[in-house]
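Q: Generate a structure from the sequence data that follows.
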Amino acid sequence: MARRELKGLRAIVTGASGGIGRAVALELARAGVRCILFARRAERLDEVCQQAEQLGSKASVLVGDVTDAEARKACLEFAERELSGLDLLVNNAGISASGEFAGESSEVQRKIFEVNFFAAAEFTREAIPLLRQGRTPMIVNVGSILGHRGIPYTSAYCASKFAITGWSQSLRAELSTEGIDVLLVSPGTTESELADNLVEQRIKLPWSGMRGVTAEYVAEATVKAISRGGHEIVPNWRGWWMLFAHRLSPALVDSVMAKLARKANR
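A: Presented below is the predicted three-dimensional model:
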């Protein structure tokens, strides 16, 4: 994968109004990348835009829903018209829900997949023509450690992130022939707004109060990986150890997850 000079690159960051998306956008701005900030909350996007410009980089705000094909089209047209192209696409927007699978509605499951997987996949397909013309182009997919190891009571979220993992691996091989890199970011527990903005919360997860790394930590690791041309990062030591334990002894991790499930049901 290509190493890249970040200064002067052009990026779209989805879900840029808060959490990891906001932190990545500001870290890119600090490196001299001009970002299009794409999310639904206009006021929050304006705040991020001001912060990016205080860091010395120009930023633009586009308010829209990443699941809306017309909003995605408008975002790409803006990149082509105002930035004369695109070098980085950061697929970060994501949602979740908590509760047992048997009681979860198909509407909630489909909504999670629409945001977490299908929107990212469609946006990427639509962006590839612009990325082909970009300078050291890269697609950055923000997945999750839960895209490698599932946990109880977040089955739809885990499934959508497993989809992101497999898709990213396939995409990386396909696009390598065109010089477009693909980076998969698999954070563990992160202090972001995801847990505070659940589509549905039918159970209190016993580990929800666990202290995680900051969104800024994830963003710094992500931007470093973009610069060096990384394939995949796990910017959380607990997440890395969970993956290691799962590979070493899946049955042991299964038993731990079963205990957590029983604890959540008390």
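Q: got the CA coordinates for the helix or strand hosting A120 in CSV?
A: Taking DSSP states H and E as the criterion, the element that holds A120 is helix 119-132. The C-alpha coordinates for helix 119-132 follow below in CSV (Å, rounded to 0.1, in the frame of the first residue of the first chain):
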residue,chain,number,x,y,z
ALA,A,119,-24.7,3.1,3.0
ALA,A,120,-20.9,2.7,3.2
ALA,A,121,-20.9,0.1,0.3
GLU,A,122,-23.1,2.3,-1.9
PHE,A,123,-21.1,5.5,-1.1
THR,A,124,-17.9,3.7,-1.9
ARG,A,125,-19.2,2.3,-5.3
GLU,A,126,-20.4,5.8,-6.2
ALA,A,127,-17.0,7.4,-5.1
ILE,A,128,-14.7,5.0,-7.0
PRO,A,129,-14.8,7.0,-10.3
LEU,A,130,-13.5,10.1,-8.4
LEU,A,131,-11.0,8.1,-6.3
ARG,A,132,-9.5,6.6,-9.5
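Q: Mind listing what's buried along that helix?
A: Within helix 119-132, the residues that qualify as buried are A119, A120, F123, T124, A127, I128, L130, L131, counting by 16 or more other C-beta atoms under 10 Å. No exception for glycine: its C-beta is placed from N, CA and C like everyone else's.
Q: now for that helix, which elements pack on it?
A: Helix 119-132 is packed against strand 10-14, helix 69-82, strand 88-91, strand 138-142, helix 155-175, with contacts defined by 3 or more C-beta pairs under 8 Å, 6 or more residues apart in numbering; DSSP states H and E.
Q: residue ranges for the helices of the protein, please.
A: Secondary structure of the chain, counting by DSSP state H: helices at 19-30, 42-54, 69-82, 106-113, 119-132, 155-175, 215-228, 237-248, 250-264.
Q: any chance of those in TSV, plus mean pLDDT?
A: Rendered in TSV, the data for those read as follows (pLDDT from 0 to 100):
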stretch	mean pLDDT
helix 19-30	97
helix 42-54	96
helix 69-82	97
helix 106-113	94
helix 119-132	98
helix 155-175	97
helix 215-228	96
helix 237-248	80
helix 250-264	80
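Q: from the ones you listed, which stretch is densest packed?
A: Ranked by mean neighbour count, the helices of the chain are led by helix 19-30 with a mean of 26 (mean count of other C-beta atoms under 10 Å).
Q: Please give the centre-to-centre distance between that one and its chain.
A: If you compare the mean C-alpha spot of helix 19-30 with that of the full chain, they lie 12 Å apart, counting by C-alpha atoms, centre = their mean, to the nearest Å.
Q: so it versus strand 10-14, what angle?
A: Counting by axes from the mean of the first three to the mean of the last three C-alpha atoms, to 10 degrees, helix 19-30 points 170 degrees away from the direction of strand 10-14.
Q: So which of the helices of the chain is nearest A11?
A: Each of the helices of the chain was checked against A11 via C-beta to C-beta, and the shortest separation belongs to helix 19-30, namely 5.7 Å.
Q: hmm, who's touching the closest one?
A: By C-beta atoms under 8 Å, 6 or more residues apart in numbering, the list of residues contacting helix 19-30 from outside reads 6, 9, 11, 13-16, 35, 37, 39, 44, 48, 51-53, 55-57, 59, 88, 90, 92-93, 140, 142, 187, 190, 192-194, 214-216, 218-220, 222-223.
Q: hmm, 7 Å instead?
A: Residues outside helix 19-30 that contact it (C-beta atoms under 7 Å, 6 or more residues apart in numbering) are 11, 13-16, 35, 37, 39, 48, 51-52, 55, 57, 59, 90, 92-93, 142, 187, 190, 192-194, 215-216, 218-220, 222-223.
Q: Nothing else from me, thank you.
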